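**Q** Could you work out the structure for the sequence below:
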Amino acid sequence: MFREALAPLVPLLLGALRAQGAWGVAYPPADATAPRPAIVYLHGMWSTPEEQCALLERTATSFGFLVCPRGNAPFGDGHMWKGTYASVAPRLHAAIDAAAAMGPGKLDASGGGTLVGYSNGAYFAAEVARSEPGKWTGLVLLSMKLELDGGLLRRAGVRRVVMAAGDRDPVRDGMKALAEKLDATGLAARFVSLGPGEHPLPPDLDARLCEPLAWAREADAAVCRTH
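**A** A predicted model of the protein is given here:
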């Protein structure tokens with residue numbers, strides 16, 4: 001009886017929370033009436049999840065839990081990602097576990113998650129996708145020179161890849177060419193602009209990535225019209 005009485009309040013309680021710790025930061029979904037997937041964001045060098053995840057909070061939480069692990073290696077005033085998949089996986093899984101604890105049963109970990117990575121974090125987002133077959137169907141990779149094998153990603157269950165960079169970012173042309181190459185191999189891929197800037201993320205990242213993130217997730221982009 002008590003549990004049934006509280007059930008309608010779960011979405012409201014989740015929406016008021018943000019989990020934070022040594023593992024990183026996690027935000028609950030805007031709509032928690034049903035289990036939602038994880039959208040995991042790996043930040044770049046010199047940065048922190050607190051600093052960068054706020055730029056994507058509104059868009060990501062429209063689709064699921066925004067989970068932002070803290071880099072596994074100190075770097076300047078922040079952190080970075082270093083090593084191999086085995087090195088970064090503990091941080092990633094600790095952050096996902098912390099997000100799941102925000103609302104037991106509300107984080108859908110059965111597959112269909114999305115990995116987002118910026119700069120140094122983009123390289124490791126692709127590594128995680130290749131190393132955890134069946135868990136991640138979408139990749140959103142920002143501002144990083146990469147070499148990716150479309151066949152390996154498809155075999156890992158990735159269905160869509162977004163590449164994005166600022167118009168004056170030195171890696172822009174390479175990322176655009178890689179998106180075209182992946183798409184030609186049969187892995188749905190596209191390139192989007194992050195605006196006229198260089199390597200740093202733009203302050204309007206939320207608005208610029210809403211439709212591309214919806215596309216990567218194979219989700220309805222109608223929510224983006226309100227951003």
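**Q** which helices and strands does the longest helix along the chain pack with?
**A** In the chain, taking DSSP state H as the definition, the longest helix is helix 85-102. On a contact count with 3 or more C-beta pairs under 8 Å, 6 or more residues apart in numbering; DSSP states H and E, helix 85-102 meets strand 19-21, strand 24-27, strand 36-42, strand 65-69, strand 107-108, helix 120-131. For glycine as for every other residue, the C-beta is placed from the backbone atoms N, C-alpha and C.
**Q** so what's Ala188 bridging to?
**A** Ala188 has the following beta-bridge partners by DSSP bridges: Arg160.
**Q** how close does the nearest residue to Pro202 once chain neighbours are set aside get to Arg58?
**A** Excluding its sequence neighbours, the residue lying closest to Pro202 (C-beta to C-beta, 6 or more residues apart in numbering) is Gly195, at 4.8 Å. For Gly195, the distance to Arg58 equals 17 Å [C-beta to C-beta, to the nearest Å].
**Q** Measure how the longest helix of the chain sits relative to strand 36-42, angle-wise.
**A** Here helix 85-102 runs at an angle of 140 degrees relative to strand 36-42 (axes from the mean of the first three to the mean of the last three C-alpha atoms, to 10 degrees).
**Q** I figured Leu213 hits Ala60, correct?
**A** Yes. Contact criterion C-beta atoms under 8 Å: Leu213 and Ala60 qualify, at 7.0 Å.
**Q** Give me the common contacts of these two.
**A** By C-beta atoms under 8 Å, 6 or more residues apart in numbering, Leu213 and Ala60 have these common neighbours: Ile39, Val116.
**Q** Comparing these two, which shows the higher neighbour count?
**A** Taking neighbours as other C-beta atoms under 10 Å, Leu213 and Ala60 compare with Ala60 leading, 28 against 24.
**Q** need the contact list for that one.
**A** Counting by C-beta under 8 Å, 6+ apart, Ala60 touches Tyr27, Ile39, Tyr41, Leu66, Val116, Leu213.
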